[in-house]
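*Asks:* One predicted model, sequence on top.
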Amino acid sequence: MAEARFSFAGGSADIPRTGLLVTTGVLPIIGHKLTMERGGRQLLDIDEIVLDGAVITAIMGPNGAGKTLLLRCLAGLQLPDSGEVSWAGMPPDRARALRLGFVFQKPVLLRRSVLANLVFALKAGGLPGRQARIVAGQALKAARLERLARSPARLLSGGEQQRLALARALALKPDILFLDEPTVSLDPGSAVAIEAMVRSAAAAGTKCVLVSHDIGQARRLAEEVIFLSGGRITERAAAPRFFREPQSREAKAYLAGEILA
Ligand SMILES: Nc1ncnc2c1ncn2[C@@H]1O[C@H](COP(=O)(O)OP(=O)(O)O)[C@@H](O)[C@H]1O
Ligand SMILES: [Mg+2]
């Protein structure tokens, strides 16, 4: 583990995948001895977590297990009380945050058109206007939102808004995409569309880390599972093995439906 903290894995360190301002990658992302405590309760107690490789990783666990906190710490959105997060061996920094995508349960969109949401993100990533509009057009197509390009983003359906949020997170071809229960409030058709986008992002080389309570979805998408309970990782396993024979007591109970998800 110690070695991995200072290597540049994933082939993203030297060759920028988008040709933008940012020239170094963020993988592997490592959380080391992360703790967080509030009101005498241990919310996070992670010895070591390493996110790397081309697989889709699902983070599962009951409500309150610390999944969102962990994602936010690894993405540099929140500081743990103690411990370190490193991106390709260095502390998180604002410039390289462009190499990460984050999709929340509820889409966070600008009060602008669908197209403007994409163009804004691409310009913020350093693309000049013309190129930003070209890439935004491609992103709209991939999200099947072309016909809504001029609509105000806030008037879209929930599923369309989440497709836009995902398209925006992917537009800069990030090294890694975090998804925190992205389909929890969507209808099945919209969830399938999101899953297809995640699959194709992964196939194109973006590491995807998905928090989901939807066991079917995790089975369909994930190649490995990290199981969290009470702020700790109780298990990390290849997905088929995890679903076939979970090892930890907590994961067994969760999959058997004994823990209220
Ligand atoms: N800023 C905070 N202050 C105090 N408690 C928090 C804070 N953020 C989260 N928590 C608590 O930490 C626990 C883990 O939260 P969270 O990561 O959101 O869980 P999960 O995403 O697994 O459902 C929950 O019990 C939550 O209430
Ligand atoms: Mg959560």
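*Replies:* Looks like it came in fine. Ligands and ions are numbered 1, 2, ... in the order given.
*Asks:* Right, and ligand 2 sits closest to which residue of the protein?
*Replies:* The nearest approach of the chain to ligand 2 comes at residue 68, 3.2 Å away (C-beta to the ion). (C-beta placed from N, C-alpha, C; glycine too.)
*Asks:* which ones are touching that residue?
*Replies:* Each residue near residue 68 by C-beta atoms under 8 Å, 6 or more residues apart in numbering is listed here: 180, 211.
*Asks:* and whichever strand or helix holds it, how far from the chain's centre?
*Replies:* Assigned by DSSP states H and E, residue 68 belongs to helix 67-74. Its chain's average C-alpha position is 10 Å from that of helix 67-74, according to C-alpha atoms, centre = their mean, to the nearest Å.
*Asks:* and it, what's its mean pLDDT?
*Replies:* Here helix 67-74 scores 98 as its mean pLDDT.
*Asks:* same check, this time on stretch 209-222
*Replies:* pLDDT averaged over stretch 209-222 gives 95.
*Asks:* okay, how far is it across that stretch, tip to tip?
*Replies:* 9 Å (C-alpha to C-alpha, to the nearest Å).
*Asks:* Return the residues in contact with the spatially most central residue of the chain.
*Replies:* The chain has residue 178 as the residue nearest its centroid, 0.6 Å off, counting by C-alpha atoms, centre = their mean. Taking C-beta under 8 Å, 6+ apart, we find residue 178 in contact with 71, 74-75, 100-103, 209.
*Asks:* how about the strands in the stretch 151-261 of the chain?
*Replies:* 176-180, 207-211, 224-229, 232-238 (DSSP state E, counting those that start in this stretch).
*Asks:* got the ones you listed as JSON lines, with distance to ligand 2 columns?
*Replies:* Converted to JSON lines, these look like this (distance: least, C-beta to the ion, whole Å):
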{"stretch": "strand 176-180", "distance to ligand 2": "6"}
{"stretch": "strand 207-211", "distance to ligand 2": "6"}
{"stretch": "strand 224-229", "distance to ligand 2": "10"}
{"stretch": "strand 232-238", "distance to ligand 2": "16"}
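*Asks:* mind putting the ones you listed in JSON lines, distance to residue 36 included?
*Replies:* What follows is the strands of the stretch 151-261 of the chain, written out as JSON lines (distance: least, C-beta to C-beta, whole Å):
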{"stretch": "strand 176-180", "distance to residue 36": "16"}
{"stretch": "strand 207-211", "distance to residue 36": "17"}
{"stretch": "strand 224-229", "distance to residue 36": "13"}
{"stretch": "strand 232-238", "distance to residue 36": "12"}
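*Asks:* Could you export those strands as TSV, including distance to ligand 1?
*Replies:* Listed next are the strands of the stretch 151-261 of the chain as TSV, based on distance: least, C-beta to the nearest ligand atom, whole Å:
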stretch	distance to ligand 1
strand 176-180	7
strand 207-211	7
strand 224-229	7
strand 232-238	12
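*Asks:* Can you find which helix in this structure contains the most residues?
*Replies:* Counting by DSSP state H, the longest helix found in the chain is helix 188-203.
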